[in-house]
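Asks: okay, here's the prediction I keep looking at, along with the sequence it came from:
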Amino acid sequence: MHWIVTVWCAQNPTYRNSADSHEAPGARALGVEIEILRASTASEIDLAFDTISQDRPAGLVVAADPFFDTRRNQLVVLTARHALPAMYHLREYAAAGGLISYGIDLVDVYRQLGIYAAKILRGANPADLPVQQPTKFELIINLQTAKTLGLRVPQSLLIAADEMIE
């Protein structure tokens with residue numbers, strides 16, 4: 001069964017290397033086939049969706065990548081046009097009409113950046129400050145998009161969601 005297509009930005013070597021790790025044995029054990037499509041221009045995204053429309057996968061996961069963030073509207077419009085459920089990493093995608101997003105809470109990240117900046121401005125040596133990872137993540141579900149796609153969102157996801165867009 002062709003379950004998930006992941007689109008990765010070819011210009012970002014970090015994601016190119018990690019793309020292969022998503023083709024994990026766990027996916028195969030579940031009968032999930034993962035196809036990696038790369039895009040680094042707007043026209044390559046269009047071509048990737050031509051391939052996606054022929055393959056008719058069950059869903060799409062869009063990688064966290066600054067390039068894709070600049071093409072957010074294009075990605076959301078194309079997933080809607082192809083009636084394809086898609087998952088993204090930032091709430092802005094779900095707010096723009098994407099089905100679901102799960103990722104860091106940017107407001108919390110920016111708050112932490114402000115705290116760090118204040119410490120530095122008060123004289124702290126940046127080298128002495130600990131490296132911090134994001135700790136607050138958010139799940140956003142666009143219920144209107146789910147309805148348009150004919151999907152019923154499981155109650156467990158509704159309960160776990162930080163926000164539901166109606």
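Replies: Sure thing, it's come through. Numbers count the residues shown, from 1 in each chain.
Asks: contact partners for residue 80?
Replies: By C-beta atoms under 8 Å, 6 or more residues apart in numbering, the residues touching residue 80 are 97, 145, 148. (C-beta placed from N, C-alpha, C; glycine too.)
Asks: now the longest helix along the chain: how far from the chain's centre is it?
Replies: Longest helix in the chain, counting residues (DSSP state H): helix 106-121. Offset of helix 106-121 from its chain centre (C-alpha atoms, centre = their mean, to the nearest Å): 24 Å.
Asks: look up how far residue 35 lies from residue 82.
Replies: Going from residue 82 to residue 35 by C-beta to C-beta, to the nearest Å gives 15 Å.
Asks: and what of residue 149?
Replies: From residue 149 to residue 35 the distance is 20 Å (C-beta to C-beta).
Asks: of the contacts of residue 80, buried ones?
Replies: The neighbour-count test (16 or more other C-beta atoms under 10 Å) marks 97, 145 as buried among those.
Asks: which of the contacts of residue 80 fall in helices?
Replies: Counted as lying in helices by DSSP H, out of the contacts of residue 80, are 145, 148.
Asks: between the contacts of residue 80, which is nearest residue 164?
Replies: Distance to residue 164 across those (C-beta to C-beta) is lowest for residue 145, with 11.0 Å.
Asks: which ones are touching that closest one?
Replies: By C-beta under 8 Å, 6+ apart, the neighbours of residue 145 are 80, 94, 97-99, 165.
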